[in-house]
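In: turn this into a structure:
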Amino acid sequence: MRRKRFVLRVTEEQRKELSKWATSRTLPAGDVFRARLILALADGQSYSQIMMSLQTTAPTISRWKSRFKEEGLAGLDPRHKGSQPRVADAQAQARIARKTQQKPSDGATHWSCRKMAEVLGLSKSTVQRVWAQTRLKPHRLDRYMASNDPDFEKKAADIIGLYMKPPQHAAVFCVDEKTAIQALDRLDPVLPLSPGRAERHGFEYYRHGTLSLYAALDVKSGVVHGMTAARHTAKDFIAFLEGLVERARWAREIHVVLDNLSAHKTKDVERFLEEHPQVKFHFTPTYSSWLNQVELWFGKIQRDVIARGVFTSVADLGNKIRKYIRAYAKSARPFRWTYTDPTRRIRTNKIAGTVH
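Out: Numbers count the residues shown, from 1 in each chain. Predicted structure coming up:
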């Protein structure tokens, strides 16, 4: 006579909850395993079937079956909760935080978790946890540049005003030069990317020469006007300005945002401004190139064209830069210039001239 297979009784509510556990992607793996085991017993599967599908043993099945029969879902909780994470006491945390803000005695510039642990007689995991809790990151370094311009607030407000509310019937250009762009040619062939492998360039290169790029970003449209030149002189700068004046013949005023380079303040440039009274210069404060929007575009062309480019000559470099400028004009968009907190004024730190 064939023996009747045992079927574990499970209520509808219990089955619904166990089904959630069994398909969960966030619960601990042990909870998912026990829910699948009980559901398999409730579906009438044999021990051998469960042992094969869940890769477990008969004693394990028997243990969780009996616990479920006695306590229901509560019986599926693991008896051993695991060790509690070790937490450094307040004194150890203070020692780590204080030591982290001091220089290592071996001449190194900053601490590593292992070096700190060795000096204080703690484990590296303890040091890591305390650093995470106190948000100390000795391996990180941020740089800053403080403007020492006494007229910083006045100049910054003037330029940001042009971005946010330009005068009517006026053109606003952000102008700058990217100098000494190298036409680098690789001596070894470039190996293209493939699945699991990045594009590879040979280490050796040949430099054909350099050129300079004059660029003017139209604040209203985002379009960039560019001119390449072999040298970086006031004469080339004036030639570039004359091209801008020609493009903006419709404008009653032409406002140009630019930095304090000496080539922007020569007598020839002053003569040009006298001959073109509609052109008005707005100089950024010292060490404040971030106020010039064309710097954002320079970063883009550096990433897209120059940094990984292979150029067979200076002429090839110029052609690829001009090609990029023409393509960029088709999809150009103006940069959105906003205050994070419009209620606060721009002001400078009395000591270093930093922005607040």
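
In: what ranges does this protein have for its helices?
Out: 12-22, 29-42, 47-54, 58-71, 90-100, 113-120, 124-134, 152-164, 234-247, 267-275, 294-301, 314-330 (DSSP state H).

In: and residue 200, which of those helices is closest to it?
Out: helix 314-330 (20.5 Å; Cβ to Cβ). In short, each C-beta sits where N, CA and C put it, glycine included.

In: got the contact list for that closest one?
Out: 181, 183, 208-211, 213, 215, 223-226, 228, 230, 301, 304-306, 309, 311 (Cβ atoms under 8 Å, 6 or more residues apart in numbering).

In: orientation of that helix relative to helix 294-301 in degrees?
Out: Between helix 314-330 and helix 294-301, the angle comes out at 110 degrees (axes from the mean of the first three to the mean of the last three Cα atoms, to 10 degrees).

In: sort out which residues of helix 314-330 are buried, please.
Out: Buried residues in helix 314-330, counted by 16 or more other Cβ atoms under 10 Å: 314, 317, 318, 320, 321, 324, 325, 328.

In: and the pLDDT at the fifth one?
Out: At residue 321, the pLDDT value in this model is 96.

In: what's the spacing between it and residue 212?
Out: Distance of residue 321 to residue 212, given as Cβ to Cβ, to the nearest Å: 11 Å.

In: ok, the first one next?
Out: Residue 314 is 11 Å from residue 212, where distance means Cβ to Cβ.

In: what do those two both touch?
Out: Joint contacts of residue 314 and residue 212 (Cβ under 8 Å, 6+ apart) are residue 230.

In: if we can go back for a sec, spit out the residues that contact residue 321 and residue 212 alike.
Out: The contact lists of residue 321 and residue 212 share 181, 228, where a contact means Cβ under 8 Å, 6+ apart.

In: show me the shaky parts of this structure.
Out: Along the chain, the model assigns pLDDT under 70 to residues 1-6, 81-87, 338-356.

In: how is it divided into domains?
Out: 12-76, 90-134, 152-192+201-330 (automatic domain parsing).

In: give me whichever of these is most buried.
Out: domain 152-192+201-330 (a mean of 16; mean count of other Cβ atoms under 10 Å).

In: can you give me the end-to-end distance of that one?
Out: This stretch, domain 152-192+201-330, spans 36 Å end to end (Cα to Cα, to the nearest Å).
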